[in-house]
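Novice: the following comprises the amino acid sequence and a computationally predicted model.
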Amino acid sequence: MSVRVVARIRPLLKSELEKDQIVTSHAATDDGPTIVKIPNPKNFAEEFSFQFNSVYEQESTQQELFEAEVAPTIKHLFLGYDVTIFAYGSTGTGKTHTMRGGKSLGDRGMIPRMLSNIYRKSRALEKSTNGDTKAAVSMSYYEIYNDRVYDLFEPPDKRTPTGLPIREAEGGKTVVVGLTEVPCGSLKDFEVLYDKANANRSTGATKLNAHSSRSHAILCVKLTVTSPTETRVSVASAIDLAGSEDNRRTGNGKDRMVESASINKSLFVLAQCVEAIAKKQPRIPYRESKMTRILSLGQNNGFTVMILNLAPVKAYHLDTLSSLNFANRTKKIEVREVENDPIFKGPPRQVSGASLGGPTIQRQPLRPLTNSINVNLIATKDAAGKNEKPPKAFSVYSDRYRPSIPKPVTQKSPPLKRTADTSFTGSTRPAKASRPTPSFIRRGPEPANLTKASIESLVEQKVSEILAARALNAPDPLPTKTISEEVQRRLDSIEKRLEGQEGERAEGLSYLFMAKQHQARGEDGSALKMYELARPYFPDNQKLESKIERLKEKMARKREEVEEPPHKPEESVARDARTEDRNGQHHDDDDDESYHDDGDAESAYNDSDADDNGSTSRRAGRWRKPTKPKRKRISSPDPLAQQDGSTAILTPRTRYLIDVLNSRDVARIKSLSGLGAKRAEGIVDFLNGDGNDDDGREGAGTTLHSWTDLTRLRGIGKKTLETMREGVIV
Ligand SMILES: Nc1ncnc2c1ncn2[C@@H]1O[C@H](COP(=O)(O)OP(=O)(O)OP(=O)(O)O)[C@@H](O)[C@H]1O
């Protein structure tokens, strides 16, 4: 089944009442509007039409949207399918309003309504099975801000600046390492947690939206349904993407520009992924941004609904056209509805890719949809055939008038802490497999392929996960110190390497990475625990052993200092931060070392000097002011000679140029050598409006792919291109 794409046109805001409306909806049949029309920006007499599964007009309510688009997916969630609902659109078009909504009952968005529906269904299920079947809900909530993942259950001042690492576990799952998963027993619990977490989300004011989301927010609701014979786990992901921004209109300052560049880049990669999937290209660039890796559009199984948010006014003309083109391609993506495997009662089954807590998303290569079923259609047809009433409006968030609304009970929020249990359950998500007919209760035989060794290794793995989660929770007596830019850069570099790793080694590297993060923040206790957890993965590694020893000594010294504080000379305090080896050489406790003795492993986790300016001098015990990287001018052959075709292999510099130009971010483009503001704006105008496509429609979405495409840019000669290319530092 394809991704279900529906458009929602938001009403005019107070400030827009006088403005021209250019987006209209039309009905092709009696089933309500399914077509969006918008004029050609170059010729207003001409109109473009885009057809979607459904279109929601300005007057449509949250309840209408929910009942038609989200509620039908929830019954599939209870059958073991994963569900993804995401809102897409440029800034200020109503994504957050759609997903989160307002405080009044009628304004409640898709997320609170979804939770309300899940709790109601859970109660009904328990009642209908006389309490034999139980449903439990837990959730995790995180944001991707400036391409870093942050746990929204953690207040910003407690965050590790580098964010949480993500990695691919076995079976291609994308895992956020160290994410909090909070059990959530009732709608009230959810509301308290959700509101509190939303206060941690990165938002800011721009000219286009006073409360603009500066991050992509991902809420994962895990539903565990346990019957006497089996346990079934499924996840509903509700994603509020940040909106694409044209910085000429947002009036963004320096900080906002950085956020904006990151938002635009991730959305651009998403658009490239969608284009690649639609064109059935062999390479889909998921890995180029964290958002696309996590969203895994077209690779995750289950049901996916995209809500395209649109503003009706002319001020958004090009943004709207670009969003419509994107949505048009997205609807061609086919996803496979595959229910999650149940976990049978009895001896546990071997779970592949189990890891530290956090939701995982199944990613599999696209396959032909041989046995997929359009369950939405079947459900609608069935209901129509039996002349059944449409799904009942659920009682909690109804738009209907109610005489009295019970006062919200003030309730102490449950602790927002990782617990060992939550991390444990987070990793027990089973692998998925295709099943022709969904059946909720499955009384099947117990899996026979479990060996004693595999059970033992599973138990061992779980124990280390629980220890890791506990270690992360352990209060650290030391104040958090700010991380220098250099350390931050090195952590980023380690994380990048970590991302490519799989399996056991990745597990060990994750611990090392977390250890370094803790150590960089001065949290030696937690760092030590992480190093110790990493130990079994790097047996007999002298460097790791001495790191642990040094850390222990350092902590012991600190304890002694606390006991007898006043007499310590300043110099020796300073030495605490660095220790000496047998040869009298200084080591910074934050020093990056390889924990591998063999050459191969060295490359996997070797925070090499080549990558980190200054690390050589640090190893020698001297601090050198980081020098500005030299601009390397490489006199490579004329790229025109090598790359005259869309299939040519791109050099890093050409790829960089293409990425920057495709971002349509004037500030970034302006920063390229040989370009000023005027030329940068000219390029953006060209890409947005005057592309190669003669009918103009795809013109708004022109994307550069090759050096040849660059040579076709209006007003950019070969010489300027060369200057631009040579200005890129490699
Ligand atoms: N359907 C709607 N009904 C009433 N008001 C709406 C609707 N959709 C959006 N709005 C209003 O439009 C404004 C912008 O909406 P919102 O903040 O949800 O946009 P957004 O797409 O999330 O923007 P950003 O990407 O910048 O975060 C808000 O004031 C919101 O209340």
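Specialist: Great, that's in hand.

Novice: so what does the lengthiest helix in the chain touch, helix or strand wise?
Specialist: In the chain, taking DSSP state H as the definition, the longest helix is helix 254-278. Contacts defined by 3 or more CB pairs under 8 Å, 6 or more residues apart in numbering; DSSP states H and E place helix 254-278 against strand 134-145, helix 247-250, helix 290-295, helix 317-330, helix 652-662, helix 666-670. C-beta here means a position set from N, CA and C on the backbone, and glycine is covered the same way.

Novice: which residue, other than its chain neighbours, is closest to residue 283?
Specialist: Residue nearest to residue 283 in three dimensions, not counting chain neighbours: residue 276, with 6.7 Å by CB to CB, 6 or more residues apart in numbering.

Novice: which one of the residues in the stretch 101-250 of the chain is closest to the ligand?
Specialist: residue 243 (2.8 Å; CB to the nearest ligand atom).

Novice: quick revisit: now the helices and strands packed on helix 254-278 as a markdown table including distance to residue 530, mean pLDDT and mean neighbour count?
Specialist: As requested, the helices and strands packed on helix 254-278 are arranged in a markdown table below (distance: least, CB to CB, whole Å; pLDDT from 0 to 100; neighbours: other CB atoms under 10 Å):
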| stretch | distance to residue 530 | mean pLDDT | mean neighbour count |
| --- | --- | --- | --- |
| strand 134-145 | 20 | 92 | 23 |
| helix 247-250 | 40 | 51 | 17 |
| helix 290-295 | 22 | 82 | 24 |
| helix 317-330 | 40 | 88 | 23 |
| helix 652-662 | 34 | 84 | 19 |
| helix 666-670 | 37 | 84 | 19 |
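
Novice: kindly reformat the ones you listed as JSON lines and extend each row with distance to the ligand.
Specialist: Formatted as JSON lines, the helices and strands packed on helix 254-278 follow (distance: least, CB to the nearest ligand atom, whole Å):
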{"stretch": "strand 134-145", "distance to the ligand": "12"}
{"stretch": "helix 247-250", "distance to the ligand": "9"}
{"stretch": "helix 290-295", "distance to the ligand": "14"}
{"stretch": "helix 317-330", "distance to the ligand": "11"}
{"stretch": "helix 652-662", "distance to the ligand": "20"}
{"stretch": "helix 666-670", "distance to the ligand": "18"}
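
Novice: so can I have a markdown table of these showing distance to residue 539?
Specialist: Formatted as a markdown table, these follow (distance: least, CB to CB, whole Å):
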| stretch | distance to residue 539 |
| --- | --- |
| strand 134-145 | 33 |
| helix 247-250 | 52 |
| helix 290-295 | 31 |
| helix 317-330 | 48 |
| helix 652-662 | 37 |
| helix 666-670 | 46 |
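
Novice: which one of the ones you listed lies closest to residue 707?
Specialist: Checking the helices and strands packed on helix 254-278 against residue 707 by CB to CB gives helix 652-662 as the closest, at 5.5 Å.

Novice: C-alpha coordinates for the closest one, CSV please?
Specialist: Below are the C-alpha coordinates for helix 652-662, written out as CSV (Å, rounded to 0.1, in the frame of the first residue of the first chain):
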residue,chain,number,x,y,z
PRO,A,652,33.6,15.8,-2.5
ARG,A,653,33.8,19.4,-3.4
THR,A,654,31.3,19.2,-6.2
ARG,A,655,28.9,17.2,-3.9
TYR,A,656,29.3,19.9,-1.3
LEU,A,657,28.6,22.7,-3.8
ILE,A,658,25.5,20.8,-5.0
ASP,A,659,24.3,20.2,-1.5
VAL,A,660,24.7,23.9,-0.6
LEU,A,661,22.9,25.1,-3.7
ASN,A,662,20.1,22.6,-3.4
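
Novice: tilt between it and helix 254-278?
Specialist: Angle, helix 652-662 to helix 254-278, by axes from the mean of the first three to the mean of the last three CA atoms, to 10 degrees: 100 degrees.

Novice: okay, now the domains of this structure?
Specialist: Using the TED database, the domain parsing of the chain gives 3-331, 488-558, 652-691+699-727.

Novice: start to end distance for the longest one?
Specialist: Across its full length, domain 3-331 reaches 5 Å between end residues, using CA to CA, to the nearest Å.

Novice: between the domains of the chain, which gets the lowest average pLDDT?
Specialist: Ranked by mean pLDDT, the domains of the chain bottom out at domain 488-558, with a mean of 74.

Novice: check which helix or strand the residue of the stretch 501-650 of the chain found nearest the ligand maps to.
Specialist: Nearest residue of the stretch 501-650 of the chain to the ligand, counting by CB to the nearest ligand atom: residue 517, 28.9 Å away. Secondary structure from DSSP states H and E places residue 517 in helix 503-520.

Novice: residues of the stretch 1-150 of the chain that sit close to the ligand?
Specialist: Listed as neighbours of the ligand in the stretch 1-150 of the chain under the rule CB under 6 Å from any ligand atom: 10-11, 13, 89, 91-97.

Novice: kindly provide the distance from the nearest residue to residue 533 once chain neighbours are set aside to residue 304.
Specialist: Nearest residue to residue 533, sequence neighbours excluded (CB to CB, 6+ apart): residue 511, at 4.5 Å. Distance of residue 511 to residue 304, computed by CB to CB, to the nearest Å: 34 Å.

Novice: got the end-to-end distance for stretch 182-189?
Specialist: One end of stretch 182-189 to the other measures 10 Å (CA to CA).

Novice: in that stretch, what counts as buried?
Specialist: For stretch 182-189, burial by neighbour count (16 or more other CB atoms under 10 Å) applies to 182-184, 187, 189.

Novice: ditto for stretch 223-239
Specialist: Using 16+ other CB under 10 Å as the test for burial, stretch 223-239 gives 223-227, 230-239.

Novice: tell me which two in these are the farthest apart.
Specialist: Farthest apart among these by CB to CB are 227 and 239. That separation is 29.8 Å.

Novice: partners of the strand or helix carrying residue 86 in the sheet?
Specialist: Taking DSSP H and E as the definition, one finds residue 86 inside strand 83-88. Note on strand 83-88: by DSSP bridges, its sheet partners are strand 230-240 (parallel), strand 303-310 (parallel).
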